[in-house]
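>>> Show me how the following folds:
(one chain, ligands or ions: 1)
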Amino acid sequence: MQCLSHQLRKIKLLITVPKASYPNLKSIREDFPILHRKVHGKPLIYFDNGATTQKPRLVIETMNRIYEQENSSIHRGVHYLSDRMTEAYEEARNSVRKFIGAAASHEIVFTSGTTGSINAVATSFGEKYVGPGDEVLVTVMEHHANLVPWQMLCERKGARLRAIPMNDRGELMLDQLDSLLTGRTRMLAVTHVSNALGTINPVKNIVARAHERNIPVLVDGAQAVQHLAVDVTELDCDFYVFSGHKVYGPTGIGILYGKEKWLEDLPPYQYGGDMVDQVSLEKTTFNELPLKFEAGTTNYVGAIGMGKALEYLQGIGLEDIAAHEHHLVDYATHNLSQVPGVRIYGMASQRIATFSILLENTHPYDVGMILDKLGIAVRTGTHCAQPVMQHFGIEGTLRASLAMYNTPEEIDRFVTELQTAKSMLT
Ligand code: PMP
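Predicted structure coming up:
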């Protein structure tokens, strides 16, 4: 009888969620050398893309070629290599501009990553515009990177940090937004997509509502740009930030997009070479945008590598990527919900293929360790989003975060091995 119901469930599964994917998935996987390695003797299933994504050969080869053939510091030399590097760096900036639909290249600032970008705005904007009694509004689902810099700013300035709450599906309670945006709110900082729950927030609507009150909005796009087509002009946000390493590019590089009016208005947050115009012992004037915000020798090789990653993604098409991943969301949600004792945290109607789960009577760390031995890379813990865990009254979860190169077959293996782990632990 049990066997029959199991069979029926399997048939239903096949009927409701077919194993479709985009036609070129196989060739996309071929572009990522690491996906073909084994871990502990098993074929790797890489489900830790929320932490960092793997790199296509194009990015790896571009960066190797630079270090082997073209390396030279940008913006300073008169020689061939320096000119060539500067040109490639500025081309990368333009690739980023196109990728997020910014109006002008000088609105794109290279930073060390999302964390670096948010700290830059919290410092620069915060020093100028946040004072005692003011408020900064965040959400309860922020990554610590979009929470702690604002909290520290508020502490320094005697300001107040407030947060938009969420419901148990992991959706922001936006009916409270209008009352949380007060005459004292100086900035609204919101994540586009939650790294812990996968929720896609309706940022266009949030930005419009903040702008009705002349409140600027910073959007943390660290988990969005690799999954959705993002157009900052359409979103109309004031700042948009993301990291190279989560968008199939290298580590140590990130983006701070800012509307020209803000970048012109705000003071630099770091001082040094390249960001200056005239320097004397008495006085310094600053370089024009975007160099005013790029003090010192930047990670120009990383920037060029990131530019290649974005070109690579555009070659595949963000719409196709989003459609494939949407399919993965449905397929994994359906299959995971068939596993007895699994609870998925975050069931927002709009979400990416990130699954925070707990398996009844097991500790996520133990499950993660067993999955690792079976070649499956997942993450366990609080995912740098402790307020999310506090909301649910839990210590952490096991997170499987999927990306454009993951397949329904990998989900099948993940679901099977979760059950293996469960049977070993209970
Ligand atoms: N915001 C979100 C939503 C993230 O997922 C992360 C990385 N996990 C960050 C910010 C920080 O990114 P980085 O470590 O690349 O600076």
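>>> Can you classify the residue lying closest to Thr86 once chain neighbours are set aside as helix, strand or coil?
Nearest residue to Thr86 in three dimensions, chain neighbours excluded: Ile74, at 4.4 Å (Cβ to Cβ, 6 or more residues apart in numbering). The way it works is simple: take the backbone N, C-alpha and C, and place the C-beta from them, glycine included. Counting by DSSP: H, G, I helix; E, B strand; the rest coil, the backbone at Ile74 sits in coil.
>>> give me the element Met85 is part of.
helix 80-100 (DSSP states H and E).
>>> who does that helix touch, helix- and strand-wise?
Applying 3 or more Cβ pairs under 8 Å, 6 or more residues apart in numbering; DSSP states H and E, one finds that helix 80-100 contacts strand 108-111, strand 254-258, helix 300-316.
>>> Check whether the last one comes near the ligand.
No - counting by Cβ under 6 Å from any ligand atom, the ligand is not contacted by helix 300-316; separation bottoms out at 11.8 Å.
>>> how about stretch 274-282: buried residues?
Asp274, Met275, Val276 (16 or more other Cβ atoms under 10 Å).
>>> These in strands, which ones?
Val276 (DSSP state E).
>>> Go through the buried residues of stretch 274-282 and name the one nearest Gly133.
Nearest to Gly133 out of the buried residues of stretch 274-282 is Met275 (Cβ to Cβ; 32.3 Å).
>>> Now the closest one. Nearest residue, chain neighbours left out?
Ala295 (4.2 Å).
>>> contacting residues around the one you found?
Residues in contact with Ala295 (Cβ atoms under 8 Å, 6 or more residues apart in numbering) are Pro268, Gln270, Tyr271, Gly272, Gly273, Asp274, Met275.
>>> Check which helix or strand it maps to.
For Ala295, there is no host helix or strand (DSSP H and E).
>>> Next, work out how far apart the residue nearest to Arg57 when sequence neighbours are not counted and the ligand are.
The spatial neighbour of Arg57 that comes closest, neighbours along the chain excluded (Cβ to Cβ, 6+ apart), is Asp31 at 5.5 Å. Distance of Asp31 to the ligand, computed by Cβ to the nearest ligand atom, to the nearest Å: 22 Å.
>>> quick revisit: which one of the contacts of Ala295 is nearest to the ligand?
The closest of the contacts of Ala295 to the ligand turns out to be Gln270 (Cβ to the nearest ligand atom; 16.2 Å).
>>> I'd assumed Thr298 was in contact with the closest one.
No - assessed by Cβ atoms under 8 Å, Gln270 is found out of contact with Thr298, at 10.9 Å.
>>> which of these two has more neighbours?
Neighbour comparison, Gln270 and Thr298: the larger count goes to Thr298, with 21 against 14 (by other Cβ atoms under 10 Å).
>>> Provide a list of residues in contact with that one.
Ile74, Tyr89, Phe110, Asp274.
>>> how about the residues you listed in CSV, adding distance to Met152?
Shown next, in CSV, are the contacts of Thr298 (distance: Cβ to Cβ, whole Å):
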residue, distance to Met152
Ile74, 32
Tyr89, 31
Phe110, 24
Asp274, 27
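>>> where along the stretch 201-350 of the chain do the helices fall?
Applying DSSP state H, counting those that start in this stretch to the stretch 201-350 of the chain gives helices spanning 203-211, 232-235, 260-265, 300-316, 318-336.
>>> Next, the buried residues of stretch 393-403.
Neighbour-count burial for stretch 393-403 flags Gly396, Thr397, Leu398, Arg399, Ala400, Ser401, Leu402, Ala403 (criterion: 16+ other Cβ under 10 Å).
>>> Return it as PDB; C-alpha atoms alone will do.
Extracted C-alpha coordinates of stretch 393-403, given in PDB (Å, rounded to 0.1, in the frame of the first residue of the first chain):
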ATOM      1  CA  GLY A 393      12.800  31.200  16.500                       C
ATOM      2  CA  ILE A 394      15.500  28.900  15.100                       C
ATOM      3  CA  GLU A 395      19.300  28.800  15.300                       C
ATOM      4  CA  GLY A 396      19.900  28.200  11.700                       C
ATOM      5  CA  THR A 397      19.000  26.300   8.600                       C
ATOM      6  CA  LEU A 398      20.600  24.200   5.900                       C
ATOM      7  CA  ARG A 399      20.600  26.300   2.700                       C
ATOM      8  CA  ALA A 400      20.600  25.000  -0.800                       C
ATOM      9  CA  SER A 401      21.100  27.900  -3.200                       C
ATOM     10  CA  LEU A 402      20.900  27.100  -6.900                       C
ATOM     11  CA  ALA A 403      22.100  28.900  -9.900                       C
END
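>>> For it, give the mean pLDDT please.
What stretch 393-403 shows for mean pLDDT is 98.
>>> can it be found next to the ligand?
No - if you take Cβ under 6 Å from any ligand atom as the test, stretch 393-403 misses the ligand, and the best it gets is 9.1 Å.
>>> Contacts for that stretch next, please.
With contacts defined as Cβ under 8 Å, 6+ apart, stretch 393-403 is touched by 46-51, 53-54, 195-196, 198, 226-227, 325, 328, 332, 345, 353-359, 364-365, 367-368, 371, 378-383, 389, 411, 414.
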